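Q: coords please:
(chains A, B and C)
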Amino acid sequence: MAYPWRDERETRVLSEHFGDPAARTLEGWKARGGYKALVRALELGPERIVEDVKASGLRGRGGAGFPTGVKWSFMPKDDRRKPHYLLINADESEPGAFKDRELCRWTPHQLIEGALIGAFAMRASHVYIYMRGEFFEPAQIVARAIEEVYAAGLAGADVMGSGQAIDVTLHLGAGAYICGEETALMNSLEGRRGQPRIKPPFPAAAGVFGQPTTINNVETLCAVPHIINRGAEWYRSMGTDKSPGTKLFNMSGHLVRRGNFEFPLGFNLKELIYDVCGGIRDGRSLKAVIPGGSSVPILAADEIDIALDYESVAKAGSMLGTASVIVMDDQTNMVKQVRRIVEFYAHESCGQCTPCREGTAWMVRILRRIEAGRAARSDIDTLISLGKNMIGTTICVLSDSAAAPVHSSIAKFPAEYDALLRQDEPVMATA
Amino acid sequence: MNEKTPLAANPGWAGETGDFSQLTEEEVRGTTFVGRRPPDGGAPAGACSYPYQLARRSPDAPLFEGPYAERLDKIRSRYPDRRGALLPVLNLAQEVRGHVSAETMERVAEILDLPPAVVRGVASFYTMYNTRPVGRYLIQVCTNVACNLCGADDVAEAFLEHTGTGAGETSSDGMFTVIEAECLGACGFPTAVQINERYFENVSADDVPGILDRLRMEWSTREGSD
Amino acid sequence: MENVTCTIDGVRVEVPRGTRIIEAAEGAGIGIAHYCYHPALSAPAMCRMCLVEIEGAPKLVPACVTTVADGQSILTESEKAREARQGTLEFYLANHPLDCPICDKSGECRLQDFVHAEGRRHGRSVEAKRVLGQDDFGGDILYDGDRCIMCTRCVRFTREISGSNALGVVQRGDRSVIDTFFDHGTEGDPFAGNVVDICPVGALLSKDFLHKARVWDLDGNPSICPNCSQGCNIRVDSRDNLIVRLRPRPNPDVNSYWMCDYGRRRYEWMNVADRFETPLLRDEAGELAAAGWQTSILELVAELKPLLGTEVVLIGSASMSNEDNGLALRLARAIGETKAVFRSPRAESETVCPGFPKLARRKDLAGNVRGLEILGFRRVGDDDAKGGLPATAGRIVIALGDSLADADDGFGNDAALFVSLGITRSPANLRARYVLPVATFAETDGTFTNFEGRVQRLWPARSAPAGARPAWQICGVLMAGIDADSAPADAARAFLSLVELNAGFGELSWDIIGSRGAMLPEPSLLETAEIG
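A: Next up, the predicted model:
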């Protein structure tokens, strides 16, 4: 069950053993059915594993939702001339997301098993777990679990006597949200500044250290052992046709019950907020919801009766992303929260691309003036125009992510902005 | 507005335990499972994953001697390219010395045979490398949106008030530095505060004096001499 | 190699597969605005200026890294592309200081150029501009972080070309600046000056050039660097007949887009003022007195005629052209058996450019050392260009340029006749019986031959003093005067006369040499040949 609140309606696949300290150890995990999938995977062979994952319809849980089996199939299948790498993106830094931390600290072996299966399927000789530097406690837990795995011969020179060598290394980051972008993650792993790369070349052709690479999110890999154990059909029996499987929903904000909850994709957002999470705390009412982490457009209170799957949320004008649901009550100062979000993007921008480097900082200055009552209508027009120039014009989508809350909040909460505007034009601004 | 979370449901500020109220702080943090990780890095696979924001540090310690030299070799062995070890080695240097100065950068450049300007470019890119000394306890309060909605600004204010420091500055007794942080990845447990290598979760402004007392007590009862 | 065809703004273009859009467009005469792209550096596609529209594709693509696909219709001036460029320019201007009135780059600044072409009429930012400050990078380089557009050309240059890794990006986001490693400067990089050339704006400046001249007051002329035997193609900028800076001119076979700092900063000597302004002859009292050219030539010819057959000591100058030295040699040999020598300083080692190893600051520290060797001059003296001069007793001595800088004022006292085709006053020059002022390499048409046997043209970058003449011209007229041959009418014909007489030059001509130079035929690259 997800943590820290149990709900009987949950479909507990990944989160079955959250809150169960005994599940952390190798023995404890094996006793709970762990590492059976690895044994089976080694028998099935790489091609069959990739087929199964493809057939399951599993989509990347890091935000983009790209079909995982398809991504795995991009890796060269030839021989071992070039070392292949599997990178695990444990750089969870998206505001609102806190699922990978839970997976790492409660079920490290679930992640490691998924990683070993993935490495075997993609003929990867080395798995790097890139974990954000702030996650010292989960890192210690995962490091200890890796030690256990090496000691038991599940990783190392000859995995379970299969003849395949798979090494696992845990690598800590040092504080940069942009390193969660897969090409920036590769650069950071290589000891460079965490700046995204242009594509092509694509990681599967030339990735980290110039070699074929696949990058997967923690939650994505944690689903893999279950798919191997119980089959693609079983996985497809949950969720929707285009978005199968279960998802850890990260519930935060002004809710009575916050935390991770695991439901099949397609679960209704309104039901999640009001039934599962107990609705808005302190007797208040709902004003706005960000359904997928701070990078996605904001939904107004009357737009939440939607299914939480990739297609439905997109149709509603937002994105499912990491399914990080941030709930805001009627007392929320929307301008302040948008300003804080854009400050985050300005702080985290790597600085390569002009529209992002300059645009995020400029937007912050305007938003601060709006919040302080020193802005005019023309500033709103400028914000909208800057946002348009920041969408689709950069190497990565950080600038698009900064524009999303700005555009959606101006469109859906115009009164909040209007109330702060001056009728006369401001003369000059301070920094 | 945040309901004040009773201490019983927030074991050692390890977060709301909801339906798992039987859990102890050690069980939530996993400290028993982790045990003691030796300074020489233990198994090489985990050599790159030690906390590097510690209360105890030696700013003048050589880089690297004794068990740290062994750990350095283990780190280096995990990457096909010597540059890949740069972040872990900077982490190790900060673990030993407490911050990454120009001289530290130059030494790391020497060890890894990289141009010093490259090391500086990398070290200055990442937020967690302290380029100047910080207090024994680096208190990072998340004020990003999910915690902001739940009173993070009040928590940050409270830390500044009770440590008697300005934002980004160190208290006069050298114990605490307070800064605002971006999302710490504990959004279900607002307000999240990172203090050195630990997360303090579901922190409210009222909790702050208790947290600071606890830190002072930990420092004064630490094992070994300074 | 397979070709692909596309249209760029309606123009049909055929290029080899793998050609990038920006290169294909340039070949078709369509310039695409860009900052971070440079043909000799890696392309990070980060400035976002070169975004173009591919008809039918939803997103704009950067022309500097996207390769042309067959059948594409590429639009650089579509509404989407123009809006994107205008938006990017506005982002740059939001924080860029309005420094044009005090910025050296004004007039050759690509931010000015592109904003002037298609920027918004009015900036919309009312925010206070971000201040990042200025820094002295050591050596000749100043950095202004406020003007910097973070294109990182300078960083990639020190990484990929000069190999010094002296510069890097520090911090991230809008706090990014370029910096060295704290107080390590750029002095250790022998090619650092190139970053000032490639900086699109006035963020990197040369201290030497700082506030010296407005670029629109400059005359620029192509020439060859005279400071070592690499033969870097350069552009010489002058104002009011004073040379104020040297910059590299691209030549993919010699120096790519670069030149070294050693050569770049040695131009002051071209401005030296203490010149011979008119011919000087000995009067009845034996003192040197000014005279006109006609008188000087007639008197000198009259003195030479009875001396025909006397041995000649000819001291050439490796800082002067093939035409100058070659015609002097022809004259000397027309007079009598000639010992043709030259001296030139030599460094202990060469400094190779790691990213373009064809380029190096060579050991020979003058521009035409190889040229003289091929003409038939013998090298004497030490690495400081001192000593080694042959005995002058009873011989005719002809000295070219400033080749006698180290000789004392007793030099040539025992010569039968001492003629100085001189540039600046020196004790030895002033012992000559005839002083005929000549133009420097910077003041004449001519050619240099570089270390590997490439003959390259020089064009004049300033005017010589009114009374000075090119040495090839003087020698040609003297040869005509002693009935040895007719004088060539211009420097190109002077060169051809050398080609006729010296197998070392093969079939070259100025037409063939053009503005990119031409290699001498094989055997010349190894031996010296004798002029008949």
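Q: what residue lies at the spatial centre of chain B?
A: Nearest to the mean C-alpha position of chain B, counting by Cα atoms, centre = their mean, stands B:N196 at 2.8 Å.
Q: ok, now how distant is that residue from B:T177?
A: Note on B:N196: its distance to B:T177, by Cβ to Cβ, to the nearest Å, is 10 Å. C-beta here means a position set from N, CA and C on the backbone, and glycine is covered the same way.
Q: name the residues contacting each of the two.
A: In the contact map built from Cβ atoms under 8 Å, 6 or more residues apart in numbering or on different chains, the residues linked to both B:N196 and B:T177 are B:Y137, B:L138.
Q: show me the domain layout of chain B.
A: Described in terms of automatic domain parsing, the domain architecture of chain B consists of the residue ranges B:44-125, B:134-220.
Q: and the helices in chain C?
A: Using DSSP state H, the helices assigned to chain C run over residues C:21-27, C:79-95, C:110-118, C:153-160, C:194-198, C:261-264, C:293-304, C:322-335, C:369-375, C:471-481, C:491-501, C:510-513, C:522-526.
Q: closest one to C:D174 among those?
A: helix C:79-95 (7.6 Å; Cβ to Cβ).
Q: contacting residues for whatever residue of chain A ends up closest to chain C?
A: In chain A, no residue comes nearer to chain C than A:N389, which is 3.4 Å away by Cβ to the nearest Cβ. Contacts for A:N389 were tallied using Cβ under 8 Å, 6+ apart; they are A:P355, A:G359, C:E83, C:A84, C:G87, C:T88, C:E90, C:F91.
Q: just give me the closest of those residues to chain B.
A: Sorting the contacts of A:N389 by distance to chain B puts A:G359 at the head of the list, at 18.6 Å, by Cβ to the nearest Cβ.
Q: verify the stated contact: the residue nearest to the centre of chain B with B:Q53.
A: Yes - shown here, B:N196 and B:Q53 form a contact pair, counting by Cβ atoms under 8 Å, at 4.7 Å.
Q: which residues are in contact with both of the two?
A: Contact with both B:N196 and B:Q53 is made by residues B:L138, according to Cβ under 8 Å, 6+ apart.
Q: hang on, A:F66 packs against A:L58?
A: No - applying Cβ under 8 Å as the test, A:F66 and A:L58 come out as separate, 10.2 Å apart.
Q: ok, the two, which is more surrounded?
A: Between A:F66 and A:L58, counted using other Cβ atoms under 10 Å in any protein chain shown, A:L58 has the larger neighbour count: 29 against 12.
Q: what stretches of chain C score poorly on pLDDT?
A: Confidence mapping of chain C against pLDDT under 70 gives the ranges C:409, C:523-532.
Q: tell me the centre residue of it?
A: C:I234 (2.1 Å).
Q: bridging residues for it?
A: When assigned by DSSP bridges, C:I234 has beta-bridge partners C:S223, C:P248.
Q: related to what we said a few turns ago, turn the helices of chain C into TSV, columns for distance to chain B.
A: Formatted as TSV, the entries for the helices of chain C read as follows, by distance: least, Cβ to the nearest Cβ, whole Å:
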stretch	distance to chain B
helix C:21-27	27
helix C:79-95	20
helix C:110-118	24
helix C:153-160	8
helix C:194-198	13
helix C:261-264	18
helix C:293-304	58
helix C:322-335	43
helix C:369-375	35
helix C:471-481	48
helix C:491-501	47
helix C:510-513	41
helix C:522-526	37
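Q: out of the ones you listed, which is closest to chain A?
A: Distances from chain A to each of the helices of chain C were compared using Cβ to the nearest Cβ; the minimum, 3.4 Å, belongs to helix C:79-95.
Q: contacts made by that closest one with the rest, please.
A: The contact list for helix C:79-95 (Cβ under 8 Å, 6+ apart) reads A:354-355, A:357-359, A:362, A:386, A:388-389, A:393, C:33, C:47-49, C:51-53, C:60, C:75, C:111, C:114-115, C:118-120, C:123-125, C:127, C:129-130, C:146, C:149, C:174.
Q: just these: which are in strands?
A: Per DSSP state E, strands hold the following members of the contacts of helix C:79-95: C:L51, C:V52, C:E53, C:L75.
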